[in-house]
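Q: Just to be clear, the model below is a prediction. Sequence and coordinates:
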Amino acid sequence: NAGVTQTPKFQVLKTGQSMTLQCAQDMNHEYMSWYRQDPGMGLRLIHYSVGAGITDQGEVPNGYNVSRSTTEDFPLRLLSAAPSQTSVYFCASSEIDTDSPLHFGNGTRLTVT
Amino acid sequence: ILNVEQSPQSLHVQEGDSTNFTCSFPSSNFYALHWYRWETAKSPEALFVMTLNGDEKKKGRISATLNTKEGYSYLYIKGSQPEDSATYLCAFMEYGNKLVFGAGTILRVKS
């Protein structure tokens, strides 16, 4: 059982480049989300989804796009990378029940130069 | 913007000490309160999910309580061990399943 799989693990981009961080889960979870982790700031919610075709913004959505065409996949797109987007990105999923915990991927470390 | 606060920011204790940390969250639109343990170079792992006022959860030496009316939760570790060293995160879920994290409490246990 793979759980939540994130790719790539590491990525270096130049300012202005675009890229997509991939996230896939095999647990049939309805809820999926993207967080970024910056020193001293914990995990900040970027975007989340409660099911295929449904997405919503979190605390820090600017500069990021998401889509949810299937239950399994929830890619995060950086439209035009900026140095401020240098961070570690985590994808997480859970069942839609309020008492279900999040399952996290292993993270993607992104550096924008 | 939701404000989820954790205190203290960091804590250094000796092996065998008992310790506790606090998570404060909005007392309105409450759906659930999560606690996670995050070890260095790993991903966060769930400890507890609490949904009812007065909830108490326990897993081994770690326990948690919840007060939704006043908006706080306590995490307790009894007899801390070096392997308990980690960052402990709480997260508040409001209506719509949006889960917002606090900045975490860093625990270091010295042997």
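A: Everything's here; your move. Numbers count the residues shown, from 1 in each chain, chains lettered A, B, ... in the order given.
Q: tell me which parts of chain B are close to chain A?
A: With C-beta under 8 Å from any C-beta of the partner chain as the criterion, chain B meets chain A at residues B:1-2, B:31-32, B:34, B:36, B:43-46, B:49, B:51, B:89, B:91, B:93, B:96-104. Any C-beta I mention is one placed from the backbone N, CA and C, and that applies to glycine too.
Q: Just the buried ones from those residues, in ChimeraX syntax?
A: Below is the selection syntax for ChimeraX that covers the buried ones among those, with 16 or more other C-beta atoms under 10 Å in any protein chain shown defining burial:
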select /B:2,31,32,34,36,43,44,46,49,51,89,91,93,97,98,99,100,101,102,103,104
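Q: Which ones among the residues of chain B next to chain A lie within strands?
A: Cross-referencing the residues of chain B next to chain A against strands under DSSP state E gives B:31-32, B:34, B:36, B:45-46, B:49, B:89, B:91, B:93, B:99-101.
Q: As a markdown table, those with pLDDT would be great.
A: Written out in a markdown table, the entries for those read as follows (pLDDT from 0 to 100):
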| residue | pLDDT |
| --- | --- |
| B:31 | 90 |
| B:32 | 93 |
| B:34 | 96 |
| B:36 | 97 |
| B:45 | 96 |
| B:46 | 96 |
| B:49 | 95 |
| B:89 | 97 |
| B:91 | 95 |
| B:93 | 90 |
| B:99 | 88 |
| B:100 | 90 |
| B:101 | 93 |
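Q: Max pairwise distance over those residues: which two?
A: With distance counted by C-beta to C-beta, no two of these lie farther apart than B:31 and B:45, which are 20.9 Å apart.
Q: Can you pull up the most central residue in chain A?
A: Per C-alpha atoms, centre = their mean, the C-alpha nearest to the average position across chain A is that of residue A:34, at 2.9 Å.
Q: any idea how far that one is from chain B?
A: 12 Å (C-beta to the nearest C-beta, to the nearest Å).
Q: Which residues of chain A lie near chain B?
A: Contact residues (C-beta under 8 Å from any C-beta) of chain A with chain B: A:31, A:33, A:35, A:40-45, A:48, A:50, A:56, A:58-59, A:90, A:96, A:98-107.
Q: Just the buried ones out of those, please.
A: A residue is treated as buried here by neighbour count (16+ other C-beta under 10 Å); on that basis the buried members of those are A:31, A:33, A:35, A:42-45, A:48, A:50, A:58-59, A:90, A:100-105, A:107.
Q: what pairs with the closest residue to chain A within chain B across the strands?
A: Scanning chain B for proximity to chain A using C-beta to the nearest C-beta identifies residue B:46 as nearest, at 3.2 Å. Using DSSP bridges, the bridge partners assigned to residue B:46 are residue B:36.
Q: mind listing what it touches?
A: Applying C-beta atoms under 8 Å, 6 or more residues apart in numbering or on different chains, we find residue B:46 in contact with A:101-103, B:34-36.
Q: ok, now which ones touch the closest residue to residue B:84 other than its chain neighbours?
A: Closest residue to residue B:84 in three dimensions, ignoring its sequence neighbours and counting by C-beta to C-beta, 6 or more residues apart in numbering or on different chains: residue B:109, at 5.3 Å. By C-beta under 8 Å, 6+ apart, the residues touching residue B:109 are B:13-15, B:17, B:80-85.
Q: Okay, and which of these map to strands?
A: If you go by DSSP E, these have B:13-14 in strands.
Q: Going by neighbour count, which of the contacts of residue B:109 are buried?
A: In terms of neighbour count (16+ other C-beta under 10 Å), the buried residues within the contacts of residue B:109 are B:13, B:80, B:84-85.
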